[in-house]
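# I would like the atomic coordinates for the input below:
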Amino acid sequence: MNLKSLGYVLGITILASACDKYKTKVNENGLKYQIFEHDDEARKAKLGDIMSFHLVLKNGADSVLKDSYKDKNPVKLVLQAPPFKGSFEEGLAMLAAGDSAKFFINADTLFARMMQPLPPMIKKGSEITFTVKVLSVLTSEEFQKQQTESAGKQKAVDEKVIQDYLAKNNLKAKAQHTASGLYYVDEVVGTGANPTQGDNVKVHYTGKLLDGKVFDSSKNAGKPIDFQVGVGMVIPGWEEGIMLMKKGGKRTLIIPSGLAYGVDGSPGAIPGNSVLLFDVELVDFTKGAAPAATPPAPAPAR
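Numbers count the residues shown, from 1 in each chain. Predicted coordinates for the structure are as follows:
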């Protein structure tokens, strides 16, 4: 075989390999999928492992329902046993760190298993596509260690950001802080006792980014919000800050990201690792029963 013929054969072989790589396949359980990248030597997820991945979710009309690239917020999910044959979880279990693939899930089956009706943007009989790029595969212990190390580094970053903000706004002399890293500046101290864990509070608030951009306010609804304090209904910075107030008190809470929305933020409103400002007023509170102690919840899936 001459070199020209050899080059032709090699070209055909490479083309065939590429076509097979992106070919739509169906496994024994009926899961339809395409593999874009796969490394046999990379770490594959086992049940209980935490997978971090980018996800683009589309309906049958190719409209984007979710795009973690745009949100800048990769999904974090504990890999669990597939809830039904041909499920998305079954597809994830095929992948390893660095892999990318697309899975086609029957919308009728998916929403029936979720015991929910099809939403308006999903047509009966259509497929929902999950396009995934796996970033990492970690055990629960590795994930917790990574989170702890990351939180420690971010806490130092947030502290500098807060100090710079206080200096720029001439608030250093007025600001008080707690051991957790929460800062607050009182406008009105209020009178009476402080609310304690389990009490029912009424709070007016306006939430802002450090640049002053408002992302939420109870004033839009025209009334304060009601919630039980100290039971995890609001972010930790609120829990601590509100329980240090007295009725009628008004203050600005300066909350580091670790006591707010953390590395994930709130898509579309609050970027990850954001220090937040909350102007809060403790309108009133009534005594409530302190909740019974509960075991810590497992790492949330995202």
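# so how far is residue 283 from residue 237?
19 Å (Cβ to Cβ, to the nearest Å). No exception for glycine: its C-beta is placed from N, CA and C like everyone else's.
# these two: which has the busier surroundings?
Neighbour count, other Cβ atoms under 10 Å: between residue 237 and residue 283, residue 237 has more, with 26 against 18.
# tell me where the stretch 151-300 of the chain has helices.
Along the stretch 151-300 of the chain, the segments classed as helices by DSSP state H, counting those that start in this stretch run 236-243.
# remind me which residues of it are low pLDDT?
289-300 (pLDDT under 70).
# please enumerate the strands of it.
Assignment of strands within the stretch 151-300 of the chain using DSSP state E, counting those that start in this stretch yields the ranges 176-177, 183-188, 200-209, 214-217, 225-228, 250-255, 276-286.
# pick the most buried one from those strands.
Of the strands of the stretch 151-300 of the chain, the one with the most neighbours on average (mean count of other Cβ atoms under 10 Å) is strand 250-255, at a mean of 23.
# got the angle between it and strand 276-286?
Interaxial angle of strand 250-255 relative to strand 276-286 (axes from the mean of the first three to the mean of the last three Cα atoms, to 10 degrees): 130 degrees.
# and strand 250-255, what does it pack onto?
Here strand 250-255 touches helix 140-168, strand 183-188, helix 236-243, strand 276-286, going by 3 or more Cβ pairs under 8 Å, 6 or more residues apart in numbering; DSSP states H and E.
# save those as a markdown table, and put in distance to residue 174 too.
Converted to a markdown table, the helices and strands packed on strand 250-255 look like this (distance: least, Cβ to Cβ, whole Å):
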| stretch | distance to residue 174 |
| --- | --- |
| helix 140-168 | 9 |
| strand 183-188 | 5 |
| helix 236-243 | 15 |
| strand 276-286 | 14 |
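# of these, which is nearest residue 98?
For residue 98, the closest of the helices and strands packed on strand 250-255 is helix 140-168, at 16.5 Å, according to Cβ to Cβ.
# got the buried residues for the closest one?
Within helix 140-168, the residues scored as buried using 16 or more other Cβ atoms under 10 Å are 143, 147, 154, 158, 161, 162, 165, 166.
# just stretch 267-276 next, same as before
Buried, per 16+ other Cβ under 10 Å, within stretch 267-276: 267, 270, 272, 273, 274, 275, 276.
# ok, now which ones touch residue 60?
107, 122, 123, 126, 127, 128 (Cβ atoms under 8 Å, 6 or more residues apart in numbering).
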